[in-house]
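Q: need coordinates for the below:
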Amino acid sequence: MELAVLIQPTPGNGFRASCGDPLPVTAEGATREEALDKLRAALAERVGTGAEVVRVRIGRAAPTSPVWPDDAITAEWLAGIAAARRAADAAPDPWDDPAGAPQP
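A: Sure, this is the predicted structure:
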């Protein structure tokens with residue numbers, strides 16, 4: 001698990017390392033590394049007691065109606081797409097040999 005950690009100097013030449021929710025923990029040390037080590041230890045203790053951080057996806061179900069606008073321009077556009085599909089379906093496949101001759 002990776003968490004964003006803020007490290008900042010404190011009065012008296014020390015450092016404070018802190019992270020926010022979902023695991024709000026702060027630790028101080030004489031050096032930047034000491035503050036981070038103490039923060040890691042505090043986070044490990046917190047997670048070691050059964051705390052978990054998981055991702056949950058929530059969202060809306062798939063729309064039951066079209067997602068495009070219902071206007072004349074969109075209707076013409078959709079009709080054009082349908083016409084192009086019909087034309088493409090009716091056209092012969094350029095890879096087919098109409099005479100049935102073997103290809104070199």
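
Q: all contacts plus neighbour counts: C-alpha atoms, from now on.
A: OK.

Q: name the SS class of residue 80, please.
A: At residue 80, secondary structure determined by DSSP: H, G, I helix; E, B strand; the rest coil is helix.

Q: residue 9 now?
A: Per three-state DSSP, residue 9 ends up strand.

Q: okay, now the nearest residue to it once chain neighbours are set aside: neighbour count?
A: Distances taken as CA to CA, 6 or more residues apart in numbering put residue 15 closest to residue 9, at 4.4 Å, once the chain neighbours are dropped. The tally of other residues near residue 15 (other CA atoms under 10 Å) stands at 21.

Q: pretty sure residue 15 sits in a helix.
A: No. With three-state DSSP as the criterion, residue 15 is located in strand rather than a helix.

Q: would you confirm that it contacts residue 38?
A: No. Look at residue 15 against residue 38 with CA atoms under 8 Å: they stay out of range, at 11.0 Å.

Q: shared neighbours, these two?
A: Common neighbours of residue 15 and residue 38, using CA atoms under 8 Å, 6 or more residues apart in numbering, are 28-29.

Q: what's near enough to touch the residue nearest to residue 9?
A: Counting by CA under 8 Å, 6+ apart, residue 15 makes contact with 7-9, 28-32, 35.

Q: give me the beta-bridge partners of it?
A: Beta-bridge pairing of residue 15 under DSSP bridges involves residue 9, residue 29.

Q: what's the spacing between the most centrally placed residue in the chain and residue 83?
A: Residue closest to the average C-alpha location in the chain (CA atoms, centre = their mean): residue 57, at 10.4 Å. Counting by CA to CA, to the nearest Å, the gap from residue 57 to residue 83 is 39 Å.
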